[in-house]
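>>> Using only what follows, build the 3D model:
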Amino acid sequence: MRTTPIQVEHLAFPSFDASRTYRFYTEVMGFKLTMAFSGDSPEWGNKAYLMTGFALGTVKIHFFDLEGMQRPRADGLPRDIRHVALAVPSRKEWAAWKKRIAAAGVSSWVEDHDGVPSLYFSDPNDVMIEITCHQRTSTRRADGAALAVVRRWATACGQGEIPAPVVRARATRTGHARRRLAKR
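Model (predicted):
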C-alpha cells in the first residue's frame, strides 16, 4: 500500500478565556483571526461552544471554548514535554521573538539544544510554545542510528521489541526498481 503525503492541517486546544486567547494570539504572537463560530453541540452534551481559528503563515491553531469547561489539573509531567514548536530561519529573528515575548510580559525561559536556542513560554490556556531557529539540518541521529537509540530505550524500559523498518521497492524513470526505506 502506497503512503499518501500528509501534513498537519491545524492544531486544536481548549480555551478557557476567549478574550485572553484572542489578545495573546493577535497582539503577542501576531497571528490573524481567520474564523470564529459558535452554537450548541449535540456531540458535547448540547453545550454552547465557541470555536476560533488563528493563522500565521502556514501555522493554524484552533481553540474551543465550551460552556462549563474547567481547566484540567496538572498531571505531574514536565511543562515542556507537550508543546508546539515554531521555527524561524535565523538567530536574529529568534532574538527578535525573544524580545517581543519579554516586552509583552510573558514569562519564558531558554534551553540550548545542541547549540540551537529554544524559547519556551505558555499561552493563556497553558499551551506550551517553543520558538527555535534551525540554521542547519540536525545531524544528531539519522535513520539507523535513531532506530538503534529507540531500540535500546525500549529494551531498557521493558517496552517490547521495535520491528525493522519496512523496505519498499520504488520504480525509477527507467522502470527499474530500487530499494529504499519506507518513510512513515
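
>>> from here on, contacts and neighbour counts on C-alpha atoms
OK.

>>> Assign Ile129 to one of the three secondary structure states.
strand (DSSP: H, G, I helix; E, B strand; the rest coil).

>>> wait, I meant Met69
coil.

>>> Next, find the distance separating the nearest residue to it once chain neighbours are set aside from Ala154.
Excluding the flanking residues, the one nearest Met69 by CA to CA, 6 or more residues apart in numbering is Phe16, at 7.4 Å. Between Phe16 and Ala154 the distance is 37 Å, computed by CA to CA, to the nearest Å.

>>> Those two: which has the busier surroundings?
The neighbour comparison of Phe16 against Ala154 (other CA atoms under 10 Å) goes to Phe16, with 20 against 14.

>>> wait, isn't Phe54 in contact with Leu33?
Yes - the criterion here is CA atoms under 8 Å, and Phe54 meets it with Leu33 at 4.5 Å.

>>> Need the overlap of contacts for those two.
Thr26 (CA atoms under 8 Å, 6 or more residues apart in numbering).

>>> Of those two, which one has the most company?
The residue with more neighbours, out of Phe54 and Leu33, is Phe54; 21 against 17, by other CA under 10 Å.

>>> What are the contacting residues of the helix or strand harbouring the more buried one?
Using DSSP states H and E, Phe54 falls within strand 47-56. With contact meaning CA under 8 Å, 6+ apart, strand 47-56 is reached by 25-26, 30-41, 60-67.

>>> Which of these are buried? Put it as a ChimeraX command.
Burial among those is assessed by 16 or more other CA atoms under 10 Å; the matching ChimeraX selection reads:
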select :25,26,31,32,33,60,61,62,63,64,65,66
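
>>> Looking at the contacts of strand 47-56, which are in strands?
Counting by DSSP state E, the part of the contacts of strand 47-56 found in strands is 32-41, 60-66.

>>> quick check: domain ranges of the protein?
10-68, 79-136, 138-167 (automatic domain parsing).

>>> so for the longest one, what's the average pLDDT?
Averaging the model's pLDDT scores along domain 10-68 yields 96.

>>> May I have the distance across it, first residue to last?
Domain 10-68 end-to-end distance (CA to CA) = 24 Å.

>>> Brilliant, that's me finished.
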